[in-house]
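# I would like to see how this sequence folds:
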Amino acid sequence: MTMIGRYEIIKEIGRGGMGLVYLANDPYLKCQIAIKMMSPAIKNSDYPLMFERFLKEAEVLAKLNHPNIVRIFDISPKTNPSFISMEYVNGHTFQELVQSKSQLTLLKKIDYLIKVTEGLSAIHKAGLVHRDMNLQTSWLTMLALLK
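This is a model prediction of the structure:
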């Protein structure tokens, strides 16, 4: 079993410009979480700037309490690899929904877009810019809330 810190990695669930996201098990809290790890593909010359952004993201998001933004649990900046542990949102991405046979009403689509923009607005007001917004990074949870 692959471990990152104390977390047992289950599988990769996402990939973006700055990092990889894994579904993991927290053996102490007995729950599933998401682990965001800095991408090994980042060039050495870009690493200091990307690492600074990574830390800033964790710091800012940890202070936010918003229904459309995942909660940050912990950051491990001095381990190799550095990672952020965060709330795991069990659901489907927009891309999975678009590719499925599911038919959403126009009002439901608008509702989802409003929730995405509310989350993005809260992030921007806190001083962060979401640099990787796409169909894969917005999750529809089992409760139909967007994170």
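# which helix runs longest in this protein?
For the chain, the helix with the greatest residue count under DSSP state H is helix 106-125.
# buried ones in that helix?
Tyr112, Lys115, Val116, Gly119, Leu120, Ala122, Ile123 (16 or more other C-beta atoms under 10 Å). For the C-beta atoms, the positions are set from N, CA and C on the backbone; glycine is no exception.
# looking at the residues you listed, which is nearest Leu49?
Set against Leu49, the nearest of the buried residues of helix 106-125 by C-beta to C-beta is Ile123 (19.1 Å).
# list the contacts of the closest one.
Each residue near Ile123 by C-beta atoms under 8 Å, 6 or more residues apart in numbering is listed here: Val60, Leu61, Leu64, Ile69, Val129, His130.
# out of these, name the ones that lie in helices.
Counting by DSSP H, those place Val60, Leu61 in helices.
# which one of the contacts of Ile123 is nearest Lys108?
Nearest to Lys108 among the contacts of Ile123: Ile69, at 20.7 Å, using C-beta to C-beta.
# what are the ranges of the helices in this protein?
Taking DSSP H as the test, the helices found in the chain are 47-63, 94-99, 106-125.
# and those, which one averages the lowest pLDDT?
If these are sorted by mean pLDDT, helix 94-99 sits at the bottom with a mean of 68.
# so where's the chain uncertain?
Along the chain, segments meeting pLDDT under 70 span 94-95, 97-98, 100-102, 130-147.
# if we can go back for a sec, now do the longest helix of the chain: distance to the chain's middle.
16 Å (C-alpha atoms, centre = their mean, to the nearest Å).
# for it, output the C-alpha coordinates as PDB.
The C-alpha trace of helix 106-125 is given here as PDB (Å, rounded to 0.1, in the frame of the first residue of the first chain):
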ATOM      1  CA  LEU A 106     -31.800  24.500 -17.700                       C
ATOM      2  CA  LEU A 107     -32.700  25.700 -14.100                       C
ATOM      3  CA  LYS A 108     -30.500  23.000 -12.500                       C
ATOM      4  CA  LYS A 109     -27.600  23.900 -14.800                       C
ATOM      5  CA  ILE A 110     -28.000  27.500 -13.900                       C
ATOM      6  CA  ASP A 111     -28.100  26.600 -10.200                       C
ATOM      7  CA  TYR A 112     -24.900  24.600 -10.500                       C
ATOM      8  CA  LEU A 113     -23.200  27.500 -12.300                       C
ATOM      9  CA  ILE A 114     -24.300  29.900  -9.600                       C
ATOM     10  CA  LYS A 115     -22.700  27.700  -6.900                       C
ATOM     11  CA  VAL A 116     -19.500  27.500  -8.800                       C
ATOM     12  CA  THR A 117     -19.300  31.200  -9.200                       C
ATOM     13  CA  GLU A 118     -20.100  31.700  -5.500                       C
ATOM     14  CA  GLY A 119     -17.200  29.500  -4.500                       C
ATOM     15  CA  LEU A 120     -14.900  31.200  -7.000                       C
ATOM     16  CA  SER A 121     -16.000  34.600  -5.700                       C
ATOM     17  CA  ALA A 122     -15.200  33.600  -2.100                       C
ATOM     18  CA  ILE A 123     -11.800  32.400  -3.200                       C
ATOM     19  CA  HIS A 124     -11.000  35.500  -5.200                       C
ATOM     20  CA  LYS A 125     -12.100  37.800  -2.300                       C
END
